[in-house]
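In: This is the structure alone, sequence omitted:
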């Protein structure tokens, strides 16, 4: 595999070459460039490499400019210290996006992804464009932040009402029913299971203290030790069902509370 490296730090180039040799000894670094202009010149005067490892922040600007100045015919793995460019990277030939310092296993996974893509090309199973589109879609789904619930639609008497997530103090299971309670002490039945809520709730905002409770930071009035190396929480508004932090969750709960 012929690889072209675009990186403006000599030390980073050497480390990348060393990591490449460790994960794929058959790979050959056919060239390096440390700027937008030198990268464009190299790409216009050399056969296209199999793969490009491209840093985003270069001394003379962002490497996305390269795509405006010349046709890049090779797939690209971006290497960068910043994750803010991930979505922009997908608009060009990116097949992966690695944060520095590049780890061996992550580079190995990126190379494997390239090889799988190449296998699709050579077998003729699909055309290049379809393969690239499929891969980019997969990457977008992988890296886009999950969309957490912003509100819940619940029954209130004979009506349905929408409750904003910011109004909900905690969720809990009692018997066969699941509930949430708002900060103004209204209690609603909810149709979702605790496991389903686990996928819907932002873990920055709600912590699952046990199989039957999710709590928001604002809902915690006090924390006391409890037998069995557990914790018991005093909640606001109060709830007759005990809010116990399970022994397995105590350490993680303390970290979450300290964020």
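Out: Here it is on my side, so go on. Model, not experiment: these values are computed from the prediction.
In: what's stretch 19-31 in contact with?
Out: Here stretch 19-31 makes contact (CB atoms under 8 Å, 6 or more residues apart in numbering) with 1-5, 17, 42, 46, 49, 102, 104, 107-108, 111. The way it works is simple: take the backbone N, C-alpha and C, and place the C-beta from them, glycine included.
In: for the longest helix that the chain contains, packing partners?
Out: Secondary structure of the chain per DSSP state H: the longest helix is helix 104-123. Under the contact definition 3 or more CB pairs under 8 Å, 6 or more residues apart in numbering; DSSP states H and E, helix 104-123 sits against helix 10-23, strand 76-80, strand 94-99, helix 128-143.
In: List just the nearest of the contacts of stretch 19-31 to residue 215.
Out: Comparing the contacts of stretch 19-31 against residue 215 with CB to CB picks out residue 102 as the nearest, at 38.4 Å.
In: looking at this protein, which residue lies furthest from center?
Out: Using CA atoms, centre = their mean, the residue of the chain lying farthest from its centre is residue 158. It sits 40.8 Å away.
In: ok, now how distant is it from residue 181?
Out: In this view, residue 158 and residue 181 are 21 Å apart by CB to CB, to the nearest Å.
In: residue ranges for the strands of the stretch 151-259 of the chain, please.
Out: For the stretch 151-259 of the chain, the strands defined by DSSP state E, counting those that start in this stretch occupy 151-156, 159-164, 168-174, 177-182, 187-190, 206-210, 213-216, 220-226, 230-235, 243-245.
In: For residue 75, which of those is the nearest?
Out: Closest to residue 75 of the strands of the stretch 151-259 of the chain, according to CB to CB: strand 206-210, at 39.5 Å.
In: strands paired with the closest one, and their directions?
Out: Here strand 206-210 is paired, per DSSP bridges, with strand 213-216 (antiparallel).
In: Could you list the low-pLDDT ranges of the stretch 101-250 of the chain?
Out: Low-confidence segments of the stretch 101-250 of the chain (pLDDT under 70): 120-146.
In: how about residue 242, what does it touch?
Out: By CB under 8 Å, 6+ apart, the contact set of residue 242 is residue 232.
In: hang on, the earlier thing: now do the buried residues in the longest helix of the chain.
Out: Across helix 104-123, burial judged by 16 or more other CB atoms under 10 Å covers 106-107, 110-111, 113-114, 117, 120.
In: got it, and stretch 25-41?
Out: Quick answer for stretch 25-41 (16+ other CB under 10 Å): 27, 29, 31-36, 38-40.
In: what's the spacing between it and its chain's center?
Out: 29 Å (CA atoms, centre = their mean, to the nearest Å).
In: likewise stretch 199-208?
Out: Relative to the chain's own centre, stretch 199-208 is displaced by 15 Å; criterion: CA atoms, centre = their mean.
In: Now do that stretch: distance from first to last residue.
Out: 11 Å (CA to CA, to the nearest Å).
In: Could you do stretch 211-219 as well?
Out: Distance between the boundary residues of stretch 211-219 (CA to CA) amounts to 18 Å.
In: check contacts around residue 60.
Out: By CB under 8 Å, 6+ apart, the contact set of residue 60 is 35-37.
In: Tabulate the residues you listed (JSON lines), appending secondary structure and distance to residue 177.
Out: Formatted as JSON lines, those follow (DSSP: H, G, I helix; E, B strand; the rest coil; distance: CB to CB, whole Å):
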{"residue": "35", "secondary structure": "coil", "distance to residue 177": "63"}
{"residue": "36", "secondary structure": "helix", "distance to residue 177": "61"}
{"residue": "37", "secondary structure": "helix", "distance to residue 177": "66"}
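In: closest to residue 200 among these?
Out: Using CB to CB, residue 36 comes nearest to residue 200 of the contacts of residue 60, at 43.6 Å.
In: What distance do you get for the closest one to residue 45?
Out: According to CB to CB, residue 36 and residue 45 sit 15 Å apart.
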